[in-house]
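Peer 1: take a look and give me a structure for this.
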Amino acid sequence: MLDELKTANKVVGIKQAKKAIQNGSAKKVFIAKDAEERVICPIKELCLNKPFEVEYVNSMKELGKACGIDVGAAVAVLIEN
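Peer 2: Residues are numbered from 1 along each chain as shown. Next comes the predicted model:
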């Protein structure tokens, strides 16, 4: 499930995720279930009625690790090449 984050083109974090979703380059969005709702709510709203999959990950720590970073991540987005 998260293996694709290790090698694929991606952006990590709220600001970069918003840009990727808004400019149409997002292919799949990963959201951490334990992230603060006020932080991820705008991302969830942007994802409504979009043609890509949204996948929920158990923790920010798990998502960060899958992205190859040493800190937790609330959101990660696979992007077009």
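Peer 1: burial count for residue 33?
Peer 2: A count of neighbours around residue 33, defined by other Cβ atoms under 10 Å, yields 12. In short, each C-beta sits where N, CA and C put it, glycine included.
Peer 1: that one reaches residue 57, doesn't it?
Peer 2: Yes: with contact defined as Cβ atoms under 8 Å, residue 33 counts as touching residue 57 (6.6 Å).
Peer 1: for the lengthiest strand in the chain, the distance to its chain's centre please.
Peer 2: The longest strand of the chain (DSSP state E) is strand 26-32. Chain-centre distance of strand 26-32: 4 Å, with Cα atoms, centre = their mean, to the nearest Å.
Peer 1: just the CA trace of it, in CSV.
Peer 2: This file holds the C-alpha atoms of strand 26-32, laid out as CSV (Å, rounded to 0.1, in the frame of the first residue of the first chain):
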residue,chain,number,x,y,z
ALA,A,26,-2.2,14.7,-8.2
LYS,A,27,-2.7,11.0,-8.9
LYS,A,28,-3.3,9.7,-5.4
VAL,A,29,-3.6,11.4,-2.0
PHE,A,30,-2.5,9.8,1.3
ILE,A,31,-3.9,11.3,4.5
ALA,A,32,-2.8,10.3,8.1
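Peer 1: send me the helix or strand following that strand as PDB with only the CA atoms.
Peer 2: Per DSSP states H and E, the first helix or strand lying C-terminal to strand 26-32 is helix 37-47. Taking C-alpha atoms only, helix 37-47 is exported to PDB below (Å, rounded to 0.1, in the frame of the first residue of the first chain):
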ATOM      1  CA  GLU A  37      -8.700  17.700  11.600                       C
ATOM      2  CA  ARG A  38      -8.200  21.400  11.200                       C
ATOM      3  CA  VAL A  39      -5.100  20.700   9.200                       C
ATOM      4  CA  ILE A  40      -6.400  18.000   6.900                       C
ATOM      5  CA  CYS A  41     -10.000  19.300   6.400                       C
ATOM      6  CA  PRO A  42      -9.000  21.700   3.600                       C
ATOM      7  CA  ILE A  43      -7.200  18.800   1.800                       C
ATOM      8  CA  LYS A  44     -10.300  16.500   2.200                       C
ATOM      9  CA  GLU A  45     -12.500  19.300   0.700                       C
ATOM     10  CA  LEU A  46     -10.200  19.800  -2.200                       C
ATOM     11  CA  CYS A  47     -10.300  16.000  -2.900                       C
END
